[in-house]
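**Student:** Here is my input, please return the structure:
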Amino acid sequence: MVADIDGATLAPARLAELAALDVARLPLLDGALRYGAPVARISKLVCIGLNYSEHAAESNMPAPSEPIIFLKAPSAICGPNDDTIVPLGSSRLDWEVELGVVIGAVGRNVAEDRALDVVAGYCVVNDVSERAFQMQSSQWDKGKGCDTFGPTGPWLVTKDEVPDPQALAMKLTVNGKTMQDGNTSTMIFGVRQLVSYVSRYMTLMPGDVIATGTPSGVGMGQKPDPVWLKPGDVVELEIAGLGRQRQTVVEYR
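**Tutor:** Next up is the predicted model:
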């Protein structure tokens, strides 16, 4: 038996059937295509806060001495091009382009020098945030976990295709204007450190995703005044080699 990325198993006969599949003979689907998240049954989306010093500064918070962990609800996860729904009572809707690390094997107390052994690959994540909700208490989860606040994908790019996850350009625009233009090289805590650190406190399961923080340029940090997303805005974000997302902000429905 062979385990796939979401923890299910494939019998040898099924593997042989898939290997013999003639893609050219598959039917074409009519209508617009929708991409879902590239990983099925994600048990947890673990997020890292303030992991870029410039973002910590624009947030008027000190750079952390160790990783800040919070979680997004699995119900927040959606496809990379799905609409972002403004939650009821929202007044400060914001964006955050982030590198997602997709876990491919069970990881518990993983040593830093072995951390990439449990990584399957990488993807783009938008850590959509409602800052008014987020700042109502010391716990950030309710400002981070609303429906559609976790666009993921479009691709899961396997780690063999990403020689150095600490050298990836990342960019986000709102209505065509560049708001974030950064690089994973400026993370405070790198991918190996984060995987190892998180695995001390919770078992990482195949299909779990760690969103590794965002560079400067979020709406909350704009000068002279913050910029918040509103219905009709279009957010586009990409990370080199990992693909591109596009979300339209819509009213609650």
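**Student:** can you list contacts of the longest helix seen in the chain?
**Tutor:** Counting residues, the longest helix found in the chain (DSSP state H) is helix 191-201. Taking C-beta atoms under 8 Å, 6 or more residues apart in numbering as the criterion, the residues outside helix 191-201 that touch it are 46, 48, 51, 66-67, 69, 99, 101, 103, 107-113, 115-116, 118-119, 165-166, 189, 204, 210, 212. (Glycine included, C-beta is placed from N, CA and C.)
**Student:** switch to 10 Å and redo it
**Tutor:** Taking contacts as C-beta atoms under 10 Å, 6 or more residues apart in numbering, the residues outside helix 191-201 that touch it are 44, 46, 48, 51, 66-67, 69, 99, 101, 103, 106-119, 122, 159, 162, 164-166, 184, 187-189, 204, 208, 210-213.
**Student:** Buried members of the residues you listed into PyMOL, please.
**Tutor:** Below is the selection syntax for PyMOL that covers the buried ones among the contacts of helix 191-201, with 16 or more other C-beta atoms under 10 Å defining burial:
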select buried, resi 44+46+48+51+67+69+99+101+103+107+110+115+118+119+122+159+162+165+184+187+188+189+204+208+210+211+212+213
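**Student:** Sheet-wise, list the partners of the helix or strand following the longest helix of the chain with their directions.
**Tutor:** Elements were assigned by DSSP states H and E; along the chain past helix 191-201, the next helix or strand is strand 209-211. If you go by DSSP bridges, strand 209-211 pairs up with strand 45-49 (parallel), strand 97-103 (antiparallel).
**Student:** okay if I get these as CSV plus distance to L229?
**Tutor:** Conversion of the strands paired with strand 209-211 to CSV gives the following (distance: least, C-beta to C-beta, whole Å):
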stretch, distance to L229
strand 45-49, 19
strand 97-103, 14
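**Student:** which one of those strands lies closest to R246?
**Tutor:** For R246, the closest of the strands paired with strand 209-211 is strand 97-103, at 12.3 Å, according to C-beta to C-beta.
**Student:** right, so of the strands paired with strand 209-211, which gets closest to L29?
**Tutor:** With respect to L29, and counting by C-beta to C-beta, the nearest of the strands paired with strand 209-211 is strand 97-103 at 26.1 Å.
**Student:** So which elements touch whichever helix or strand comes after the closest one?
**Tutor:** Downstream of strand 97-103, the first helix or strand assigned by DSSP H and E is strand 119-126. Judged by 3 or more C-beta pairs under 10 Å, 6 or more residues apart in numbering; DSSP states H and E, strand 119-126 is in contact with strand 97-103, strand 150-151, strand 157-158, strand 169-174, helix 191-201, strand 209-211, strand 234-239, strand 243-250.
**Student:** Next, the angle strand 169-174 makes with strand 119-126.
**Tutor:** Taking axes from the mean of the first three to the mean of the last three C-alpha atoms, to 10 degrees, strand 119-126 and strand 169-174 form an angle of 30 degrees between their directions.
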